[in-house]
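Enquirer: Pasting a predicted model and its sequence here:
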Amino acid sequence: MIGTTLGALASHWRRHKLQLFALLAGLALATGLWAGVQAINAEARASYDAAAGTLGEGQFDQIVPRRGEIMTVEDYITLRRAGWRVSPVIEGRIGDVRVLGLEPLTSPGRFDIGRVAEDSGMDDFIGPGLLFADAVTVARLDTDLNTGARVIEAADAPPNIAVGDIGVVARLLGRDDIDRLLVLPDQPRGQPPLAQVAPQLRLLAAAQTADVGELTDSFHLNLTAFGLLSFAVGLFIVHSTIGLAFEQRRGLIRSLRALGVPLRTLVSLMALEVALLALIGGALGVALGYVMAAALLPDVAGALRGLYGAEVAGSLSLRPEWWVSGMAIALLGSAVAAGGKLWQIARMPPLASAQPRAWAEAARASARWQGVAALGLGLVALGLALFGTGLIAGFVTLAAFLIAAALALPVIIRPVTAFAQSRAHSPLAQWFWADTRQQLPGLSLALMALLLAVAANIGVSTMVSSFRLTFTAFLDQRLAPELYVQIEDPEEAARLQPVMEAAADEVLPLLRADAVVAGQPVQVLGIRVGPTYRENWVFLGQTAAPWDAVEAAEAVIVNEQFARRADLWVGDMVPLDTPLPVAAVVADHGNPSGQVILGDALFQSLYPGTIPRAFGLRTDDITGVRDRLRAAGADPEAMTDQSALKRFSLQVFERTFLVTGALNILTLAVAGFAMLMSLLTLADQRVPQLAPVWAMGMTRASLARLEVIRAGVFAAIVALVALPVGLGLAWVLLVRVNVEAFGWRLPMFLFPGDYAVLGAAALGAALLAALWPSLRLARLAPARLLQVFAHER
Amino acid sequence: MSVLTLENVQKAYPGTDGPVPVLRGVDLSLTAGETLALTGESGSGKSTLLHVAAGLEIADSGTVAVGGTDMATLNDAGRAEVRRGKVAVIFQQFNLIPSLTVGANIDFQARLAGRHDPARSARLADALGLKDHLQKYPEALSGGQQQRVAIARALAADPALLLADEPTGNLDEDTASAVMDEMLALVGDAGAALLMVTHSPLMAGRMGRHVHLHNGAVE
């Protein structure tokens, strides 16, 4: 019985191959977008872990040479003899592969060269030119770079890095010095201070070398949110095709039950069928996700390298964490899509399952439920937007708002078509609007998918463009000095400051100290108030004359991150040694730290003896000032000109959003596909509806034209609804999610031109989607239309 | 031995002004090889009686026994098993499976019941004039041909009880008569009991017994 019933259920798909394709394609696209994003995230995280494990970066204090000095093997030996437990590191590049030399016996990282060498059957890891790297890097070093080194593949090696014994790497790089020493966590008591043992070296605390995993969290959160949104759009295709397949099999279900298939068996077999389809679609999706992630990964890796200096592998591994999550979400999505229909079948009497009225009743009840759910979710979104706190609340607001908008769409379209019908005079126009309303249930899921895609595009493009405008203005404001000079020690400051004062129009020293203020870790900055600050800085909130107050040491300026975290605003007191009021709050995009900005005199009184570590110089003659500083002994690499800094910042910014841009386009394409599949699968059902109109004198071509116009009408309504939804989405992203994730709020700008283009794209996608089914209709054989009457009894 | 027994069967549907009685204490019994015509005006409860007999609907009270099994004592799976094993229903709207070929449709219930006999299916297809249509899908057949497929499917399962709801209602007089001839001959060969709902006095006259249902009760 089970085999026979399964065969009967499967025969539906054999006879409706397009529907099967739509279902599998929907599942594959939904899973693919999700799995692709997860694959990118998993690869990046694995890279951070591998790098942290190998290099110990972000985990251990480091000893490095002071500027102009080098660290030698003798320094290392001296420190060891003095009781310092340190491990030497040397690094360089061969081509663009980072080559890292570690001392295997003392290295605190997880990557154990000795073990890897043993696993690879090597007797000796110090042997001539022996390096270890992942498969891709091995191939690059072997084929491209011709190092002469023998490179062994090691599965857990970090990406784009070849690791070897320090002696081997030193020989390869032709070096005899050491770049840095990793300071092991357990140091013996009573060791002599570093300044005494090796005054030419300095200690860098682990906190100063940030953990890339933490820094990049927001980037990955952004990607995950997109993956989820894309999955939701793809899920509408699945929901639509599964719904249609159940609808078309009403008769089959009735026959099977009448012929003696028990209800429980039938429902179980249908659930099994959905699960099998989900597994097939999910597997295809994982493959698609792999291709997508492999295509996007180089850009993501570039953005992460530019933004955070994080090395991410440029090639992809089939890691279980993303393909398993892809399969799981395909099964879950299908279960959600099919669950309602299976529940409906399970509750219907055997003979009612084939009665259209029973299904229409169920559909009407579901439409009512949909309206109520939309209203409920809308209220939840509103409540959370006004009163919710935390990043999770921000994302729940987004989800509730988007689902509410999608559910409300048919509720909005129905009265619009009813109104149009009431205003129509010609019988054809009246039929068109009535027929349009009749198509709504079949198309509503595809229209919801289109709404989500267009709204997401509007929302994200508004966020990105607002971000770009703000960021550009912010760069102009904050990077006003034409030249920046980094200083290493008080001697250099004393030597260079007079040169700077003489050469530049205005010198802006920047004093810095780390502190905890109002329970928050902050950077306290001391600045020399002058025309540059007064003319360029724009505040989010300020008193009448903030700079005068700061200059007179009567107030401070705080950045937005600190203001929000410490719940302070203009006029509130900042609990320094002598509490001072906030004179202004300044936007500080892209910086995760809180800042309290003081006048230099006040700073010196609070942190006496601090020397400025950076200077901003105002000048029209950048080259001249550079030359004079170089002549006074300044390191050329410590001088950065403003235009290069701006160019670099903007490049990193653009690259960051390249990935979200690509996902945006994919989402819109998926929505267009959803529309096409819905129209194609509905095409067969349309024949009995269109045949009477054809018989009464309409040509097939004019009916086909009306089908295209109908798709255009739907898309236009969707685009109009998507505009406020997209702007709402942008508002939540800018005002809630951004503040929670990054600590600063972005102003929202509107871009009507972009919205018009997106509306046109949605219209174009819908018209394109309607073209194929309409052409099929225009070419439909009259015999097929006549069949409708032949079968009517 | 009684294949179908109905004793004081009552059934009502919910209405706006309270329950609307459809069957009011129907008594009926059918033995193996017997043929019975059930007639009555529209709304008299004929189809409901057929559905109750097949276990597709449950009587509010009274006894419905198929092959000695009281349907009221069975759950959905039990009733389905009775339908699969002992009963075959020929519906007015055929209820063929559109995605299966004519041949697969004919075999379908027999396979469900685990009694598939290819030779029997072939004989039935031949007898009902379907031999040349076995690879076609139902949509390619006329109404009369589809009805013959439904009859062939029911008989291929070799049921003890055949329930037919106006099986010739969609056919012209000549075709209806020919299909009826074939169906009666095949039922006779199989020794099955046949309960047929019909509006046609002509068709009713060809059955062994005739019961008229009026306002939910046997007259």
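Expert: Done, it's in.
Enquirer: what's the residue of chain B found nearest chain A in contact with, if anything?
Expert: Closest to chain A within chain B is residue B:84: 2.8 Å, counting by CB to the nearest CB. Every residue, glycine included, has its C-beta placed from N, CA and C. By CB atoms under 8 Å, 6 or more residues apart in numbering or on different chains, the contact set of residue B:84 is A:1, A:259-261, B:109, B:112-113.
Enquirer: element containing it, please.
Expert: According to DSSP states H and E, residue B:84 maps onto helix B:76-86.
Enquirer: Can you pull the residues of chain B lying near chain A?
Expert: Taking CB under 8 Å from any CB of the partner chain as the contact definition, chain B meets chain A at B:51, B:54, B:56-57, B:76-77, B:80-85, B:87, B:89, B:91, B:95-100, B:104, B:108-109, B:111-114, B:137, B:139, B:143, B:170.
Enquirer: Please spell out the ChimeraX selection for the buried subset of those residues.
Expert: Applying 16 or more other CB atoms under 10 Å in any protein chain shown to the residues of chain B next to chain A, the buried members can be selected in ChimeraX as follows:
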select /B:51,54,56,57,76,80,81,82,83,84,85,87,89,91,95,96,97,98,99,100,104,108,109,111,112,113,137,170
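Enquirer: what helices or strands is the worst-scoring helix or strand of chain B on mean pLDDT leaning on?
Expert: Lowest by mean pLDDT, DSSP states H and E among the helices and strands of chain B is helix B:173-190, with a mean of 81. Using 3 or more CB pairs under 8 Å, 6 or more residues apart in numbering or on different chains; DSSP states H and E as the contact test, the elements touching helix B:173-190 are helix B:118-127, helix B:143-156, strand B:193-197, helix B:201-205.
Enquirer: again, only this time at 7 Å
Expert: Applying 3 or more CB pairs under 7 Å, 6 or more residues apart in numbering or on different chains; DSSP states H and E, one finds that helix B:173-190 contacts helix B:118-127, helix B:143-156.
Enquirer: ranking these by burial, who's on top?
Expert: Greatest average neighbour count among the helices and strands packed on helix B:173-190 goes to helix B:143-156 (a mean of 25), per mean count of other CB atoms under 10 Å in any protein chain shown.
Enquirer: neighbouring strands for the next helix or strand along the chain from it, and are they parallel or not?
Expert: Counting by DSSP H and E, the next helix or strand C-terminal to helix B:143-156 is strand B:161-165. Sheet pairing for strand B:161-165, assigned by DSSP bridges, gives strand B:87-90 (parallel), strand B:193-197 (parallel).
Enquirer: And for the first one, what's in contact with it?
Expert: Taking contacts as CB atoms under 7 Å, 6 or more residues apart in numbering or on different chains, the residues outside strand B:87-90 that touch it are A:258, B:54, B:66, B:109, B:150-151, B:154, B:157, B:159, B:161-165, B:167.
Enquirer: so how many other residues sit close to the residue in the stretch 201-350 of chain A that chain B sits nearest to?
Expert: Chain B sits closest to residue A:260 of the stretch 201-350 of chain A, with a gap of 2.8 Å, by CB to the nearest CB. Counted by other CB atoms under 10 Å in any protein chain shown, the residues lying close to residue A:260 total 27.
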